[in-house]
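J.: Just need the structure, nothing else, for what follows:
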Amino acid sequence: MKKYLLLFFTIALGFFCISMALSSVQTEETAAQGIVKRGAVGGPVWEIQGRLQHLGFYKGKVDGKFGWQTYWSVRNFQHRFGMKVDGTVGPKTRQKLWQATKNWKPGTSGTARAQSNPGGKITKRGAVGGEVWEIQGRLQHLGFYKGNITGKYGPATENAVRTFQRRFGMKVTGAVGPDTRSRLWRASQNWPGNRGGGGAAAQRPAAPAPAPARNPAPARQQPAAAAPTYKAHGYSDNDLRMMANAVYGEARGEPYVGQVAVAAVILNRVRSATFPNNPTGVIFEPRAFTAVADGQIWLSPNDTARKAVQDALNGWDPSGGAMYYFNPDTATSGWIWTRPQIKKIGKHIFCN
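T.: Next comes the predicted model:
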């Protein structure tokens, strides 16, 4: 009897192992062709995480498990690229992600530094070649480098790198290592060289000006008391929606003037050459806003947050032109305390 029971359990265990193996293969095969979402495991998830990590959206371990961190990284990627935000990787998201990571190689980590420096070496004064040319082009695009793009890492390039590092709160060395390269590549995503063009800062598209309207004649036909609409300011519906989400996620407990100030900071960054030139890009820059990091960016905004965005678009800037703000009770960055402070509104200190 014991022999029969042992044989039975052996056969059952064998069927179970075969079933699990087939299930795993089918999961990966289906994921590769269909939709990959939270709960999925296997090779396709590993590649999605690797590509998102390459772009700076995913900060976790590449483990082939589609958990919450992968989910939020996918959502951030979809928003950054103007796609439908659902946290799943279907054909459209997969195509966009693969296009954005053409230079990704399995086994690389971090951000887009693998594009030109897969070994993560440090590029410093005295270096020459293509990567120096790209560093100069990106720094010039952001307004930090004023010289000619020569491909030679001289004193002017070193000083530009130092200024960039200081501006972004990094260790100031004048050399471009993995951290500086990662931050520089992210900050200059709109550099024309990414599209095969030149590297002049003047080629950066200007942010839409909030006033006056492009067509004065129709504007004069409107009643004098009519408030300008969002679209009159040149921003997309998605940009306006994300601004309201950011204000609500970051400052819904603040006084109204403080909420307007947060919206104004976003617009101040849009108008600066050192940040993305649209609100959505500013909001989803890595580590830029706490609401993005903790998921509160996806909370539905109230009318107060939307009105705060409207007032900021109409030109009200209670922040005094600030580029940054922080809560002194919760701030963990020592760098933010070094910034010149402008004023305090509610719990937030606004600074440059």
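J.: going forward, measure contacts and count neighbours with C-alpha atoms only.
T.: OK.
J.: quick one: the closest residue to A175 other than its chain neighbours from A187, how far?
T.: Once flanking residues are discounted, A175 sits nearest to K124: 4.5 Å by Cα to Cα, 6 or more residues apart in numbering. Here K124 is placed at a distance of 20 Å from A187 (Cα to Cα, to the nearest Å).
J.: Over to I349?
T.: 24 Å.
J.: And Y324, how far from L267?
T.: For Y324, the distance to L267 equals 11 Å [Cα to Cα].
J.: ok, now F275?
T.: Between F275 and L267 the distance is 10 Å, computed by Cα to Cα.
J.: who has more neighbours, these two?
T.: Using other Cα atoms under 10 Å as the criterion, F275 and L267 rank with L267 on top: 26 against 21.
J.: what sits against that one?
T.: Residues in contact with L267, defined by Cα atoms under 8 Å, 6 or more residues apart in numbering, are P279, A312, L313.
J.: what are the phi and psi values for the first one?
T.: Okay, so that is P279. phi -60, psi -40 (degrees, to the nearest 10).
J.: How about D311?
T.: Main-chain dihedrals, D311, degrees, to the nearest 10: phi -70, psi -40.
J.: isn't it right up against Q259?
T.: No - using Cα atoms under 8 Å, D311 is not in contact with Q259, being 9.9 Å away.
J.: neighbour-wise, which of the contacts of L267 leads?
T.: The most neighbours of any of these, using other Cα under 10 Å, belong to P279, which has 26 neighbours.
J.: which stretches of the protein have low pLDDT?
T.: Applying pLDDT under 70 to the chain flags residues 1-33, 105-120, 129-130, 190-233.
J.: Spatially central residue in it, please.
T.: Note on the chain: the residue nearest the mean C-alpha position is E285, at 2.9 Å, using Cα atoms, centre = their mean.
J.: which ones are touching G249?
T.: Shown in contact with G249 (Cα under 8 Å, 6+ apart): A291, Q296, I297, W298, L299, P301.
J.: swap the cut-off to 6 Å and go again
T.: The contact partners of G249, by Cα atoms under 6 Å, 6 or more residues apart in numbering, come to A291, Q296, I297.
J.: How much space separates it from G56?
T.: Per Cα to Cα, G249 is found 22 Å from G56.
J.: Y325 too?
T.: Computed as Cα to Cα, the Y325 to G56 distance reads 23 Å.
J.: and of the contacts of G249, the nearest to N238?
T.: When those are compared for distance to N238 (Cα to Cα), I297 wins out at 13.1 Å.
J.: burial of the residue nearest to A175, as a residue count?
T.: Around K124 there are 19 residues (other Cα under 10 Å).
J.: Same check on N352?
T.: By other Cα under 10 Å, 16 other residues sit near N352.
J.: now do E254
T.: E254, neighbours per other Cα under 10 Å, totals 17.
J.: quick one: contacts for it?
T.: Listed by Cα under 6 Å, 6+ apart, the contact set of E254 reads G346.
J.: before we move on, what SS does it have?
T.: Using DSSP: H, G, I helix; E, B strand; the rest coil, the structure places E254 in coil.
J.: How much space separates it from V282?
T.: The spacing between E254 and V282, counted by Cα to Cα, is 21 Å.
J.: Kindly report the same for K61.
T.: The value you get for K61 to V282, if Cα to Cα is used, is 25 Å.
J.: For those two, work out which one has more neighbours and name it.
T.: The neighbour comparison of K61 against V282 (other Cα under 10 Å) goes to V282, with 23 against 14.
J.: and the more buried one, that's in a helix?
T.: Yes - applying three-state DSSP, one finds V282 inside a helix.
J.: List the contacts of it.
T.: With contact set as Cα under 6 Å, 6+ apart, V282 has these partners: P276.
J.: Next: P318.
T.: P318 makes contacts with A261, as judged by Cα under 6 Å, 6+ apart.
J.: So the protein: which segments form each domain?
T.: The chain breaks down by automatic domain parsing into domains covering 31-110, 115-203, 229-351.
J.: Spatially, what comes nearest to T101 if we skip its sequence neighbours?
T.: Of all residues not flanking T101 in the chain, R51 sits nearest, at 6.2 Å (Cα to Cα, 6+ apart).
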